[in-house]
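Peer 1: Prediction below, plus the sequence it came from.
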Amino acid sequence: MTTPLEQGNLAHLLPSSWKTQVTVWFDEDTPSCDYAGFVVGEQPRKATLWGKSAGIIAGRPFVDEVFAQCGCQVEWHASEGDQIDLIATGGKMKIATVSGPARGLLLGERVALNTLARCSGIATQSRELVDVCRKAGYTGIVAGTRKTTPGYRLVEKYGMLVGGADANRMHLSSMVMLKDNHIWSRGSITEAIVAARSVAGFSLKIEVEVQSEEEADEAIEAGADIVLLDNLTGDGVKIASRNLKERWQGKKHFLLEVSGGLSKENVEAYVCNDIDIISTSAIHQGVPHVDFSLKIEH
């Protein structure tokens with residue numbers, strides 16, 4: 001099966017405004033004077049970017065732009081999505097060579113490494129969860145969630161994609177998601193769906209979070225495109241999803257999603273192909289970072 005990385009460059013997905021995000025990172029990291037940069041000056045130097053822990057490399061476009069804004073160039077020796085092989089490389093892997101003024105190399109170092117470490121950590125966790133699901137026989141979609149870090153969502157969603165997971169909705173405007181608080185506030189699942197459809201029109205999908213088969217039936221009858229079975233047990237998910245697909249076969253088209261505390265340690269208990277989407281924040285919240293370092297040649 002062809003992967004997204006083999007089909008095209010994921011950097012082409014990034015919006016035209018994304019480079020301004022890098023500028024904001026610099027505004028935060030160097031709000032006034034770069035005193036240490038004064039010490040090293042503008043002498044041309046080369047530095048090696050090393051991968052020092054196992055994981056998937058992700059985040060190359062962000063690193064390129066960080067160093068470009070510092071007047072530096074990056075020559076990559078590994079591709080996006082590659083596995084860092086510490087055994088074959090003697091404990092650390094040469095990922096890239098960065099060239100430019102010494103001050104620029106050091107100005108961009110921490111911003112680049114932090115971004116690469118975070119993005120790669122998410123890609124690594126995404127790949128591992130997808131692998132667990134596939135080995136368990138799951139053929140559906142494995143997705144992240146919207147529980148991302150404010151100001152860092154684009155990097156984190158990009159990391160999910162590099163790791164082979166679905167990025168889920170990018171923001172509140174990309175799909176209508178009706179959770180328990182929306183339903184309680186509106187009065188009922190049906191009323192909430194009708195109100196949402198009146199403004200979302202035909203172009204946006206509506207997803208509804210439910211706690212039981214009865215609530216799922218109401219959501220499907222009212223026209224939900226996706227029904228999220230939230231916080232059920234593994235057996236509960238398998239029974240409910242089978243019943244719903246059988247009961248509504250040939251009557252209504254909908255997708256079933258399962259979420260709530262899922263991780264690579266427990267997801268196998270929920271795997272069944274009556275479920276169309278498995279979503280979890282475990283691939284991007286609190287994940288271990290991949291360790292990188294930048295060393296100037298001397």
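Peer 2: Looks like it arrived, so ask away.
Peer 1: pLDDT wise, what is residue 228 at?
Peer 2: Residue 228 is assigned 97 on the pLDDT scale.
Peer 1: again, but for residue 160
Peer 2: For residue 160, the pLDDT comes out at 97.
Peer 1: burial count for it?
Peer 2: For residue 160, the neighbour count with other CB atoms under 10 Å is 28. To be clear about C-beta, it is placed using only N, CA and C from the backbone, and glycine gets the same treatment.
Peer 1: Just list what the helix or strand hosting it packs against, helices and strands only.
Peer 2: With elements taken from DSSP states H and E, the one containing residue 160 is helix 153-162. The helices and strands touching helix 153-162, judged by 3 or more CB pairs under 8 Å, 6 or more residues apart in numbering; DSSP states H and E, are helix 60-68, helix 102-135.
Peer 1: Counting by contacts, list what whichever helix or strand comes after it packs against.
Peer 2: Under the assignment DSSP H and E, the closest C-terminal helix or strand after helix 153-162 is strand 176-178. Contacts of strand 176-178 with other secondary structure elements, assessed using 3+ CB pairs under 8 Å, 6+ apart, are made with helix 189-200, strand 206-210.
Peer 1: Dump the ones you listed to CSV, plus mean neighbour count, mean pLDDT and distance to residue 235.
Peer 2: Compiled in CSV, the helices and strands packed on strand 176-178 are given as follows (neighbours: other CB atoms under 10 Å; pLDDT from 0 to 100; distance: least, CB to CB, whole Å):
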stretch, mean neighbour count, mean pLDDT, distance to residue 235
helix 189-200, 17, 96, 24
strand 206-210, 24, 97, 17
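Peer 1: Residue 257 is nearest to which of these?
Peer 2: Evaluated with CB to CB, the helices and strands packed on strand 176-178 place strand 206-210 nearest to residue 257, the distance being 7.1 Å.
Peer 1: ok, and what's touching the closest one?
Peer 2: In this structure, residues lying in contact with strand 206-210 by CB atoms under 8 Å, 6 or more residues apart in numbering are 175-180, 183, 189, 192-193, 196-197, 200, 216, 218-219, 223-230, 257.
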